[in-house]
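Visitor: Would you be able to build a 3D model of this:
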Amino acid sequence: MSKLDSATERFKAALDRLEAGIHRQLLRAQSAARLENELDALKQDRAKLAEELDHMKFEARRLNELNERASETLANAIEGIREVLAAE
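Guide: Numbers count the residues shown, from 1 in each chain. Prediction:
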């Protein structure tokens, strides 16, 4: 093999390595972009879930207050009925 053939082979090998490196970089960049998109979607989901949780907590407090008022009203009604029955 001549020096020119040897140099040509080394040059081809270097180009192959360069192409492979560029290809790996491209794959990493695509992977990073996909991960970034997934992260954005997860952040949006988290924000939506946090908003829903806040709404549910508010609703739970409201229902608890209504339950307490209803219990109090029932207790007063029962006491009123007992007083009426006791007076008879």
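Visitor: And Leu53, how far from Ala47?
Guide: 11 Å (Cβ to Cβ, to the nearest Å). Where C-beta positions appear, they are placed from N, C-alpha and C, glycine not excepted.
Visitor: could you give the mean pLDDT of the stretch of helix or strand Arg61 belongs to?
Guide: Element membership of Arg61 [criterion: DSSP states H and E] is helix 3-87. Helix 3-87 shows a mean pLDDT of 96.
Visitor: so what does it touch, helix or strand wise?
Guide: Packing contacts for helix 3-87, counted by 3 or more Cβ pairs under 8 Å, 6 or more residues apart in numbering; DSSP states H and E, involve no helix or strand.
Visitor: can you give me how far it is from the chain middle?
Guide: Using Cα atoms, centre = their mean, to the nearest Å, the mean C-alpha position of helix 3-87 is found 1 Å from that of the whole chain.
Visitor: gap between Arg17 and Gln44?
Guide: Relative to Gln44, Arg17 is positioned 41 Å away (Cβ to Cβ).
Visitor: How about Lys12?
Guide: Lys12 sits 48 Å away from Gln44, taking Cβ to Cβ as the criterion.
Visitor: What residues of stretch 36-48 count as buried?
Guide: Buried positions in stretch 36-48, judged by neighbour count with 16 or more other Cβ atoms under 10 Å: none.
Visitor: Name the surrounding residues that touch it.
Guide: Outside stretch 36-48, not one residue touches it by Cβ atoms under 8 Å, 6 or more residues apart in numbering.
Visitor: Could you number the chain from 22 rather than 1 from now on?
Guide: Shifting the count to begin at 22 puts that one at stretch 57-69.
Visitor: Neighbours of Trp70, how many?
Guide: I think there's a mix-up here, since residue 70 is Leu and not Trp. For Leu70, the count of nearby residues is 10 (other Cβ atoms under 10 Å).
Visitor: ditto for Arg45
Guide: Number of residues near Arg45 (other Cβ under 10 Å) recorded here: 10.
Visitor: just the one 5 residues further on next, same as before
Guide: Using other Cβ under 10 Å as the criterion, Ala50 is surrounded by 10 other residues.
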